[in-house]
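In: From the sequence below, what's the structure:
(one chain, ligands or ions: 1)
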Amino acid sequence: MTSAFVTAIQRAPRPLVMEVKRRDGHGRDLLAGRSVAAHVRGFDGAAACLSVVTGRWFGGDLELLQEVRRLTDRPLLQKDFITRRDQLRTARDLGASAVLLTAGLLPRSSLGNLVDACLSLGLTPFVEVTTADEVAAIPDPGGCVVAVNNKDIRNRERGPGDPGRSLALLPQLRRAGVDCRVSASGIDQPAVAVGLLQAGFSALLIGTSLLRAERLSDWLAEFDRGWSADQAVLSSG
Ligand SMILES: O=C(O)c1ccccc1NCC(=O)[C@H](O)[C@H](O)COP(=O)(O)O
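Out: Prediction:
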């Protein structure tokens, strides 16, 4: 599968999708006194792609997608409760490259139709799963980016994240032929991020801990120390 979103992940030295989200599932502010523009400036040179949460549970709206689009040329993922084709056209028209399709919230036939519609519009389907059954129901695993959500959208992601869920589903993603495998949500520590990539994830989607980091550069420096050491071992071995 080739798409701007996937190519950016494959080429990035740091395969992180960094997320702009106004609030967490409890309604708590995540911008930490900084503007959207300030966060996007920080993410722009550092991320492979950006994710923008337009879902209203998280304080989002389409204006946020438009604002971020004006601020960066990076491929954008729109995260919202997408259930209809007209939402896909809007996402494309506003400059998204990829859109979230949440397997656990969509009937199987709708998921299949929306994946087809995404591909015909030139959008990358970013299918989020939480269980083995949802992985088994992905209609075109090779044509989708598949993300394991370490939290639970059914409780608005108010609970803690469990990266163990990503690790448990990874072998099934491989067997299903998913090339672009993402672990999403609740990745709080750089060391956990490095561990997920070392295990075989292609990329990570991280919002809260980057938005809340007092200094993004410190978080990334710690991540880079672990990740570049891993890459150096691979290239010398
Ligand atoms: O997951 C969904 O179905 C969803 C639907 C609509 C809006 C947002 C949605 N999910 C948001 C997320 O999954 C997280 O914001 C994202 O993975 C980053 O998580 P975190 O690093 O814990 O902020």
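In: quick one: the helix ranked longest in the chain to chain centroid distance?
Out: Assignment by DSSP state H gives helix 216-236 as the longest helix of the chain. Distance of helix 216-236 from its chain centroid, counting by C-alpha atoms, centre = their mean, to the nearest Å, is 20 Å.
In: Same check on stretch 140-153?
Out: Counting by C-alpha atoms, centre = their mean, stretch 140-153 comes out at 9 Å from the chain centroid.
In: Tell me how far residue 160 lies from residue 181.
Out: Distance, residue 160 to residue 181, using C-beta to C-beta, to the nearest Å: 22 Å. Every C-beta, even on glycine, is put in place using the N, C-alpha and C of the backbone.
In: Show me which of those two is the more surrounded one.
Out: residue 181 (22 against 10; other C-beta atoms under 10 Å).
In: Got phi/psi on the more buried one?
Out: phi -110, psi 130 (degrees, to the nearest 10).
In: Please look at it and residue 172 and confirm they touch.
Out: No. The pair residue 181 and residue 172 fails to qualify as a contact (C-beta atoms under 8 Å) at a distance of 10.3 Å.
In: Is the residue nearest the centre of the chain within a helix or a strand, and which one?
Out: Using C-alpha atoms, centre = their mean, the residue of the chain that lies closest to the mean C-alpha position is residue 205, 3.7 Å off. Assigned by DSSP states H and E, residue 205 belongs to strand 203-206.
In: That strand and the ligand in contact?
Out: Yes. Using C-beta under 6 Å from any ligand atom, we find that strand 203-206 touches the ligand at 205-206.
In: What is that strand packed up against?
Out: For strand 203-206, the elements it packs on are strand 16-20, strand 180-184, helix 190-199, judged by 3 or more C-beta pairs under 8 Å, 6 or more residues apart in numbering; DSSP states H and E.
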